[in-house]
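Enquirer: Let me see the structure of the following:
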Amino acid sequence: MASTSHAAASIGEATAVEHINGLIAQSRQGNRANLTTPQRRMLNQWYVQNPVEVARLTSTVENAGAGIDFVQAKDWSAVGTWVERQATLRKLCNELGRASPLYHLQTFQSRSRGPIQRCIILIAPSPNAAAVTAAGRYSADEHLTREDGATEMICNLIEFTGKHVYDFNYDLLEKARLRISDLQWELGALQTRYRQMNEMWRSYRRARYSDISDSEWSEESD
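Expert: From the prediction side, this is the model:
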């Protein structure tokens with residue numbers, strides 16, 4: 001009789017992760033961008049060695065945009081499980097061979113909400129890529145704005161590199177794309193059928209009422 005256990009599930013999960021990481025590495029043909037600890041330490045030194053440039057980049061983001069946008073309230077009771085955006089960003093930076101993200105909080109005193117903050121994130125330049133900045137929306141909760149900023153930075157990195165974060169939400173997106181594609185095909189088939197039926201109707205009317213011109217039929221159809 002087959003049996004299962006938490007230990008067996010953990011071993012299977014670890015094996016699957018190792019296998020999928022192997023598939024990703026194989027697809028990159030050995031060009032995996034993961035950094036070693038000394039390499040990451042060297043990239044992260046850029047923040048300490050270039051304080052003026054760090055201040056310039058973060059202040060540029062601080063002064064950009066108009067108005068104040070807030071993190072939207074969430075129904076936490078509906079959350080089944082939560083994936084930390086900051087951890088995802090850190091892992092994505094490692095996969096792309098980038099320095100660890102630097103988080104900077106900008107504080108603003110709101111008359112109606114009191115002190116609010118937003119998180120500005122900077123990723124140091126690498127030998128093959130420029131520095132990247134992103135800003136989250138404002139919130140009275142520091143942790144929420146850090147997560148929001150991390151989400152914005154993930155979006156920027158995805159846009160710049162053409163990569164994506166492959167998780168359950170990406171599976172849902174792929175299903176939605178396939179459904180849209182199917183609906184577009186069905187719509188195209190219906191439009192073609194409509195044109196065919198319309199032409200058959202016009203041909204029938206022309207044959208039955210030969211004394212009426214095509215322009216008159218067009219006006220009637222319109």
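
Enquirer: if I pick residue 109, what's in contact with it?
Expert: 115, 116 (CB atoms under 8 Å, 6 or more residues apart in numbering). Every C-beta, even on glycine, is put in place using the N, C-alpha and C of the backbone.

Enquirer: State the phi and psi torsions of it.
Expert: Torsion angles at residue 109 (phi, psi; degrees, to the nearest 10) stand at phi -90, psi 110.

Enquirer: ok, now residue 73?
Expert: According to degrees, to the nearest 10, residue 73 has phi -70, psi 140.

Enquirer: Kindly state the domain boundaries assigned to the chain.
Expert: 32-71+84-165, 172-221 (automatic domain parsing).

Enquirer: how near is residue 157 to residue 164?
Expert: 10 Å (CB to CB, to the nearest Å).

Enquirer: brain fart, residue 13
Expert: Distance from residue 13 to residue 164, counting by CB to CB: 22 Å.

Enquirer: which helices and strands does the lengthiest helix in the chain pack with?
Expert: Criterion DSSP state H: the longest helix present in the chain is helix 168-208. If you count contacts as 3 or more CB pairs under 8 Å, 6 or more residues apart in numbering; DSSP states H and E, helix 168-208 packs onto helix 214-221.

Enquirer: swap the cut-off to 6 Å and go again
Expert: If contacts are counted by 3 or more CB pairs under 6 Å, 6 or more residues apart in numbering; DSSP states H and E, helix 168-208 sits against no helix or strand.

Enquirer: Excluding covalently adjacent residues, which one is nearest to residue 157?
Expert: Excluding the flanking residues, the one nearest residue 157 by CB to CB, 6 or more residues apart in numbering is residue 92, at 6.0 Å.

Enquirer: Work out the gap between the host helix or strand of that neighbour and the centre of the chain.
Expert: Using DSSP states H and E, residue 92 falls within helix 85-95. Counting by CA atoms, centre = their mean, to the nearest Å, helix 85-95 is centred 13 Å from the centre of its parent chain.

Enquirer: in that helix, what counts as buried?
Expert: For helix 85-95, the neighbour count (16 or more other CB atoms under 10 Å) marks 85, 86, 88, 89, 92, 93, 95 as buried.

Enquirer: Report the contact partners of the fourth one.
Expert: The neighbours of residue 89, taking CB atoms under 6 Å, 6 or more residues apart in numbering as the test, are 101, 150, 153, 154.

Enquirer: Check what pLDDT residue 213 gets.
Expert: For residue 213, the pLDDT comes out at 61.

Enquirer: on that earlier part again, residue 98 versus the residue nearest to residue 157, what's the distance?
Expert: Taking CB to CB, one finds residue 92 at 8 Å from residue 98.

Enquirer: again with residue 165
Expert: 14 Å.

Enquirer: out of those two, which sits in the busier spot?
Expert: residue 98 (25 against 17; other CB atoms under 10 Å).

Enquirer: ok, for the residue nearest in space to the middle of the chain, nearest residue in space, not its chain neighbours?
Expert: Centroid-nearest residue in the chain: residue 155, 4.6 Å away (criterion: CA atoms, centre = their mean). In this structure, residue 155 finds its nearest non-sequential neighbour in residue 134, 7.7 Å apart by CB to CB, 6+ apart.
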